[in-house]
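Visitor: when you get a sec, could you give me coordinates for this:
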Amino acid sequence: MRSVSILSESIDVRLNTGPDICDITSELDRLISKSDIGNGSLCATMVGSTGSITTIEFEPGVVEDLKRAINRLAPPDLEYEHEKAWHDGNGHSHVQAALLGPSVVLPVRNRRLKLGTWQQVVAINHDNRPRSRTVEVTITGTAW
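Guide: Numbering: from 1, shown residues only. Got it, this is the predicted structure:
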């Protein structure tokens, strides 16, 4: 019977004014390689209420399409109740991040993320200013 191992790490991501999208797949693969986990799950969670994580094909067309879709879902130029309380101009940022979600859970197989051929993991800043973001990563599974 194989023992279960857990690796918990953080990665830092610098992002421009949102929506800004950054491919973090190679950083996640690096953490899997650092662990002794061959098969299991990786959970990546963006810390903060104006950031999100998802998967896409990270190519310029899809990135631009996603940015446009995000802004259609919660347009920056609408009136938000958050603005009335805080006057910080980022009500849309909170709504956008909530709609996409703060985390993903992905399978780890044979010491690699099990992703589609054109699928990458991306971190997204929705805030109205550049941000340094922390992504908390937990990898759980059986030793290789």
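Visitor: so what's the residue count around residue 90?
Guide: 21 (other CB atoms under 10 Å). Glycine gets a C-beta too; all of them are placed from N, C-alpha and C.
Visitor: identify the bridge partners of residue 7.
Guide: Counting by DSSP bridges, residue 7 is bridged to residue 139.
Visitor: ok, and what's touching the worst-scoring helix or strand of the chain on mean pLDDT?
Guide: Sorting the helices and strands of the chain by mean pLDDT, DSSP states H and E puts helix 81-86 at the bottom, at a mean of 91. Applying CB atoms under 8 Å, 6 or more residues apart in numbering, the external contacts of helix 81-86 come out as 88, 89, 90, 91, 94.
Visitor: next, the second one: secondary structure please.
Guide: What DSSP: H, G, I helix; E, B strand; the rest coil gives for residue 89 is coil.
Visitor: surely it is in contact with residue 79?
Guide: No. Using CB atoms under 8 Å, residue 89 is not in contact with residue 79, being 11.5 Å away.
Visitor: comparing these two, which residue is more hemmed in?
Guide: Taking neighbours as other CB under 10 Å, residue 89 and residue 79 compare with residue 89 leading, 14 against 8.
Visitor: wait, what's in contact with the more buried one?
Guide: 83, 128.
Visitor: many thanks, I have nothing further to ask.
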